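Chemist: sequence unknown, structure follows:
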């Protein structure tokens with residue numbers, strides 16, 4: 001009888017222990033995306049449950065109650081062990097991710113699927129060995145859909161009209177893009193666009209379509225000029241602290257990567273492409289203006305932005321990459337293959 005009572009008491013105590021406490025490894029995720037953002041439930045929380053499932057509870061992801069540090073410092077937060085996992089945008093860390101810039105150049109893919117999957121493949125084939133993510137482990141890298149021009153003076157009809165305009169840039173890699181098209185760059189994170197535009201500090205922004213709706217920016221961004229292939233795309237990643245990653249058994253690392261990597265990039269792209277479409281539909285519903293750049297404007301843009309591509313090639317060579325021209329050609333070919341449906 002005493003033994004039975006002891007067993008019952010032990011079981012009762014164990015039932016009160018949180019699942020995270022019972023896990024061998026708990027990954028503390030510093031998240032800055034609003035929980036209302038489409039990626040949060042569809043991808044972030046799905047990954048959380050998938051990690052638990054594929055490791056049979058040995059590894060659990062725990063979302064922290066608020067972001068640790070600031071949005072631009074998430075790389076350092078994870079590298080320094082203040083959190084174990086974070087979502088980063090490479091452009092928020094100037095000078096650290098030169099080679100990842102291949103995924104951010106103008107005129108790449110026309111949707112998130114081609115940009116995201118091609119980047120994951122290019123990263124593993126050409127970029128990973130250079131260890132630009134020293135101190136952290138990317139479990140997925142991706143790029144979003146094409147970055148467009150949002151300008152409060154209307155649809156772009158002539159590149160000369162942008163002279164002197166102040167445009168918010170997503171990161172350091174897009175500063176040369178803004179300068180090349182004659183505008184003045186204002187580098188600020190996505191979370192500050194509303195205040196910048198509402199206060200008239202900037203005249204517009206480079207931005208893909210999905211965040212304009214997700215971050216409630218359509219009140220201040222009323223004119224969208226769609227650029228074929230985009231003026232840029234943002235290179236992004238989910239990273240894990242390297243020491244924390246090494247504390248996970250090789251078996252569970254392999255299991256986690258089976259539901260991360262290209263699988264996760266495809267899910268992010270699926271949600272992003274869907275939200276891009278919804279953002280344009282919402283703009284039309286609100287009677288805002290959406291137009292494709294004219295052939296004349298596209299010709300002007302390609303001429304103005306050709307040096308941006310050459311600048312990346314030069315910087316990549318300085319970083320030690322012997323064949324950046326071929327890496328870029330391979331990346332474009334991978335995008336074309338995916339867009340042709342042979343992925």
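Modeler: Great, that's in hand. Just so it is clear, the model here is predicted, and its values are computed rather than measured.

Chemist: Now do the helices in the chain.
Modeler: 2-16, 19-22, 39, 45-54, 74-79, 112-122, 175-180, 193-198, 210-214, 242-246, 250-258, 261-285, 295-318, 324-339 (DSSP state H).

Chemist: So which of these is nearest residue 224?
Modeler: When the helices of the chain are compared by C-beta to C-beta, helix 261-285 sits nearest residue 224, at 6.4 Å. Bear in mind the C-beta positions are built from the backbone N, C-alpha and C, glycine included.

Chemist: Touching that closest one from outside, list them.
Modeler: 38-39, 42-43, 46-47, 111-113, 115-117, 119-121, 139-142, 144-145, 208-210, 212-214, 218, 224, 238, 289-290 (C-beta atoms under 8 Å, 6 or more residues apart in numbering).

Chemist: go on, stretch 302-316?
Modeler: In contact with stretch 302-316 (C-beta under 8 Å, 6+ apart) are residues 98-99, 101-102, 105-107, 159, 176-177, 180-182, 231, 324-325, 327-328.

Chemist: and those residues, which are buried?
Modeler: 98-99, 101-102, 105-107, 159, 176-177, 180-181, 231, 324, 327-328 (16 or more other C-beta atoms under 10 Å).

Chemist: Contacts only, for the nearest residue to residue 142 once chain neighbours are set aside.
Modeler: Once flanking residues are discounted, residue 142 sits nearest to residue 116: 3.8 Å by C-beta to C-beta, 6 or more residues apart in numbering. Residues near residue 116 by C-beta under 8 Å, 6+ apart: 142, 143, 144, 265, 266, 268, 269, 272.

Chemist: Leaving out sequence neighbours, find the closest residue to residue 273.
Modeler: Nearest residue to residue 273, sequence neighbours excluded (C-beta to C-beta, 6+ apart): residue 112, at 4.8 Å.

Chemist: where's the one you found relative to residue 308, distance?
Modeler: According to C-beta to C-beta, to the nearest Å, residue 112 stands 21 Å off from residue 308.

Chemist: more crowded one of these two?
Modeler: Each of residue 112 and residue 308 has its neighbours counted (other C-beta atoms under 10 Å); residue 112 has more, 28 against 24.

Chemist: surely the more buried one meets residue 147?
Modeler: No: applying C-beta atoms under 8 Å as the test, residue 112 and residue 147 come out as separate, 11.1 Å apart.

Chemist: Can you give me the neighbour number for the residue nearest to residue 190 when sequence neighbours are not counted?
Modeler: Once flanking residues are discounted, residue 190 sits nearest to residue 211: 5.9 Å by C-beta to C-beta, 6+ apart. Applying other C-beta under 10 Å, we find 23 residues neighbouring residue 211.

Chemist: Looking at per-residue confidence, what score does residue 211 get?
Modeler: At residue 211, the model reports a pLDDT of 88.

Chemist: ok, it to residue 145 distance?
Modeler: Residue 211 is 10 Å from residue 145, where distance means C-beta to C-beta.

Chemist: try residue 192
Modeler: Counting by C-beta to C-beta, the gap from residue 192 to residue 145 is 21 Å.

Chemist: of these two, who's got more company?
Modeler: Between residue 192 and residue 145, residue 145 has the larger neighbour count (other C-beta under 10 Å), namely 26 against 15.

Chemist: Could you double-check that the more buried one lies in contact with residue 207?
Modeler: No: look at residue 145 against residue 207 with C-beta under 8 Å: they stay out of range, at 10.5 Å.

Chemist: circling back to that earlier point, can you flag the buried ones in the contacts of helix 261-285?
Modeler: The buried subset of the contacts of helix 261-285 - by 16+ other C-beta under 10 Å - is 38-39, 42-43, 46-47, 111-113, 115-117, 119-121, 139-142, 144-145, 208-210, 212-214, 218, 224, 238, 290.

Chemist: tell me the contacts of the residue most central in space within the chain?
Modeler: With distances taken as C-alpha atoms, centre = their mean, the chain has residue 236 as the residue nearest its mean C-alpha position (3.1 Å). Shown in contact with residue 236 (C-beta under 8 Å, 6+ apart): 87, 88, 89, 90, 141, 142, 143, 144.
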